[in-house]
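Enquirer: return atomic coordinates for the entry below.
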Amino acid sequence: MTLCQFCHVSAKNGFDVVWENEFFVAFRDRKPASEHHIQLIPRKHIASVKSLRKEDAALEVRTMKSIGEELLDDLGLSASMRVLGFHIPPFNSVNHLHLHVQGLPYNGLRRAKYHLSSGFGPFHKGFGWFIEAEQAARSLESGHIIGVFPC
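Expert: Sure thing, here's the model as predicted:
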């Protein structure tokens, strides 16, 4: 059985932890896609953004977004230079919910991994493998399940 590497995030285990409380921990990405790239995770194991439901919108997604915004505020980044979002399985590398907290610009071609898809009609997100935190919260609050297809 493979253990989840994010369930044991700590400085002692080799992670560059930048912020933590009893519910969440934030650490610098080992292969940053942007000038500032932080991963924010819940301490409890949640497999992915696809596992979330309507009741998780406020507690998980909106709380994580708020913490991520504070981390980027501390770096002095303007709103136009921020991306906060989740990869949608099977396009994620670790099966533990993690919010990418990014201060732009992106490094080279890494931007393609974080393609944003605008919503249309009743959908908050179009077809795509990455969903912004706000899109995820609105989709969940509307009762949608997050996936690669529009939600």
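
Enquirer: and the strands in this protein?
Expert: In the chain, the segments counted as strands under DSSP state E are 17-20, 24-28, 34-42, 82-87, 99-106, 118-120, 123-125, 130-132.

Enquirer: Glu141 is nearest to which of those strands?
Expert: strand 123-125 (9.1 Å; Cβ to Cβ). Yep, even glycine has a C-beta here, placed from its N, CA and C like the rest.

Enquirer: I'd like the strands of the chain written out as a markdown table, with distance to Glu60 and mean neighbour count added.
Expert: Shown next, in a markdown table, are these (distance: least, Cβ to Cβ, whole Å; neighbours: other Cβ atoms under 10 Å):
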| stretch | distance to Glu60 | mean neighbour count |
| --- | --- | --- |
| strand 17-20 | 16 | 16 |
| strand 24-28 | 9 | 20 |
| strand 34-42 | 6 | 21 |
| strand 82-87 | 10 | 22 |
| strand 99-106 | 9 | 21 |
| strand 118-120 | 20 | 12 |
| strand 123-125 | 16 | 22 |
| strand 130-132 | 13 | 23 |
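
Enquirer: want to throw these into CSV with distance to Thr63?
Expert: Output for the strands of the chain, formatted as CSV (distance: least, Cβ to Cβ, whole Å):
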stretch, distance to Thr63
strand 17-20, 13
strand 24-28, 8
strand 34-42, 9
strand 82-87, 12
strand 99-106, 10
strand 118-120, 22
strand 123-125, 19
strand 130-132, 16
